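J.: Any chance you can model this:
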Amino acid sequence: MSDTAAVRALRTMDLIPYILEHPGISISQLAKVFNVTEQEIEKDLQLAFLCGLPGYTPYELIDLTYEDGVVSIIDPQVLNKPRNFSSNERVVIALGLEILREINQANSDNLSKIDNLSKKFLNKKEEDAVIIVEQSLSFLYLNVINQAISENRIIKFDYQSISKDVLSSRKVSPHKLYLQNGNLYLSGYDHQAHSDRVFKADQIVDCTIGDRDHPEKTTSPQQEETVELIIDRENINFVERNSTIIVDQEIINGQLHVKLRVSNFDWLKRAILSNAPSIKVISPEFLASEVQQMASDLISAYSEQG
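T.: Sure, this is the predicted structure:
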C-alpha cells in the first residue's frame, strides 16, 4: 500500500530540516532514518525541489542537490526548522514517556534521563498542554513484572491468545518490558516452549511472582538461524509481537521483507501457517519446504474428512 499524499507531504517537510542538521547525509541513510525505500526518498526530494513560496520563481523554490547518493540543501526557504508536534503527537509522546518511566523504576540512569526529558516536554507553554494523571497506566501487573526483573525471579500468569481464543498458563523468566506502536510488550523466556517469547501486556491475566530464576535456559543454547520472510502489510502485528528477534526489515513493492533470528522453528511454522498466505518464506529453503509440506498435509486431512 503506497503512502497517502498527506503522509508523503509531512515526510517531505521533515526531510529538509533533517538534512540541514546532517549535511552530507546519503540517500541510503535517509531511507533507514525515515523507514522507507531509497526510491521513495528520491521521489520526496524531487517533490521538494518543485515546492516553495508563492511566486514560484527560482528565488522562491527550495533548492537542493543530490549527487552520487549524497544530499545537500542550498536554500530551504521556510523549512529550516522541524515542524511542531500536533496535539495528538504530544499526547502520545507524553504517555510514552510515562510508560517508559514506570518500566524503568529499577534503572536510576534511565529514570533520570526520562524525567529530564519529560520536564522539558511538559513544561513547554502551549495552549493544549498535556497533563499526565498519576496511576493512569491500565496495565495492572507493571510493578509485579518490574520487581521480578530486578530480583531475577520467574513470573506465572494466564495469557489470553486472541488468535486461538484460548487462555493458557505460562511460566516465564522476564527479560524486559517495552513500548512499541502504542502497545506494551513483555519479552521473556517461556519455560514451556523452552525459548524466548513476546507477550502483549494487556493479554496477561493473574500475574504473580514465583521462585528465583535458574540458569537452566542458558545451559544448552540452541543454534540460531536467520530466516527471511515476506509479510503483507495487514500482518504488521506479527512484526510488532516479534520485534525482539527481528534484525532487519524493509518495504519492497508494498510488502515487508523481514529478517529474524530464531532457534525454535516449531512456533514459527505454526505462525506462518495460521497467517497464510500473508506470510511467505524466502529462506532457508528447508523451512519453506517443511511449511509447504505441513500445509499439504492439512489440506489432505481436511479433504479426507470431507
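J.: Could you check how far residue 158 is from residue 205?
T.: To residue 205, residue 158 is 4 Å away according to C-beta to C-beta, to the nearest Å. C-beta coordinates here come from the backbone N, C-alpha and C atoms, glycine included.
J.: my bad, residue 154
T.: Between residue 154 and residue 205 the distance, using C-beta to C-beta, works out to 17 Å.
J.: Which one of these two is surrounded by more residues?
T.: Neighbour tally, residue 154 and residue 205, criterion other C-beta atoms under 10 Å: the higher count belongs to residue 154, 19 against 13.
J.: Quick one: the helices in the chain, in order.
T.: If DSSP state H is used as the criterion, the helices of the chain fall at 5-21, 27-33, 38-49, 87-103, 108-122, 142-150, 236-241, 265-274, 285-305.
J.: Extract the C-alpha trace of the first one and format it as PDB.
T.: Extracted in PDB, the C-alpha atoms of helix 5-21 (Å, rounded to 0.1, in the frame of the first residue of the first chain):
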ATOM      1  CA  ALA A   5      -0.400  12.400  -0.100                       C
ATOM      2  CA  ALA A   6      -0.600  13.700   3.400                       C
ATOM      3  CA  VAL A   7       1.900  11.200   4.800                       C
ATOM      4  CA  ARG A   8       4.300  11.900   1.900                       C
ATOM      5  CA  ALA A   9       3.900  15.700   2.300                       C
ATOM      6  CA  LEU A  10       4.700  15.500   6.100                       C
ATOM      7  CA  ARG A  11       7.700  13.300   5.400                       C
ATOM      8  CA  THR A  12       9.000  15.800   2.800                       C
ATOM      9  CA  MET A  13       8.600  18.700   5.300                       C
ATOM     10  CA  ASP A  14      10.600  16.700   7.800                       C
ATOM     11  CA  LEU A  15      13.300  15.800   5.300                       C
ATOM     12  CA  ILE A  16      14.500  19.300   4.700                       C
ATOM     13  CA  PRO A  17      15.400  20.300   8.300                       C
ATOM     14  CA  TYR A  18      16.800  16.900   9.000                       C
ATOM     15  CA  ILE A  19      19.200  17.200   6.000                       C
ATOM     16  CA  LEU A  20      20.200  20.700   7.200                       C
ATOM     17  CA  GLU A  21      21.100  19.200  10.600                       C
END
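J.: tell me the mean pLDDT over that helix?
T.: Model confidence over helix 5-21, given as mean pLDDT, is 78.
J.: let's have the chain start at 392 instead
T.: Yes, from this point I'll number from 392; that puts the last item at helix 396-412.
J.: and the angle from it to helix 429-440?
T.: Counting by axes from the mean of the first three to the mean of the last three C-alpha atoms, to 10 degrees, helix 396-412 points 80 degrees away from the direction of helix 429-440.
J.: How far off centre is helix 396-412?
T.: Relative to its chain's centre, helix 396-412 lies at 21 Å (C-alpha atoms, centre = their mean, to the nearest Å).
J.: neighbours of residue 534, just the number please.
T.: Other residues within reach of residue 534 by the criterion other C-beta under 10 Å amount to 12.
J.: residues in contact with it?
T.: The contact partners of residue 534, by C-beta atoms under 8 Å, 6 or more residues apart in numbering, come to residue 496.
J.: Against residue 442, how distant is it?
T.: Plainly put, residue 534 is 50 Å away from residue 442 if you go by C-beta to C-beta.
J.: could you pull out the strands for the stretch 442-591 of the chain?
T.: 454-458, 461-466, 544-552, 557-571, 574-581, 586-591 (DSSP state E, counting those that start in this stretch).
J.: C-alpha coordinates for the third one, CSV please?
T.: Once non-C-alpha atoms are left out, strand 544-552 reads as follows in CSV (Å, rounded to 0.1, in the frame of the first residue of the first chain):
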residue,chain,number,x,y,z
ARG,A,544,12.5,-14.1,39.6
ILE,A,545,10.1,-16.1,37.5
ILE,A,546,6.6,-14.9,36.9
LYS,A,547,3.5,-17.0,36.4
PHE,A,548,0.4,-15.8,34.6
ASP,A,549,-2.5,-16.8,32.3
TYR,A,550,-2.3,-15.5,28.8
GLN,A,551,-5.2,-14.8,26.5
SER,A,552,-4.4,-15.8,23.0
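J.: Note down every partner strand of it and its orientation.
T.: The sheet places strand 544-552 alongside strand 557-571 (antiparallel), strand 595-603 (antiparallel), with pairing taken from DSSP bridges.
J.: Ok, the fifth one next?
T.: The pairing partners recorded for strand 574-581 under DSSP bridges are strand 557-571 (antiparallel), strand 586-591 (antiparallel).
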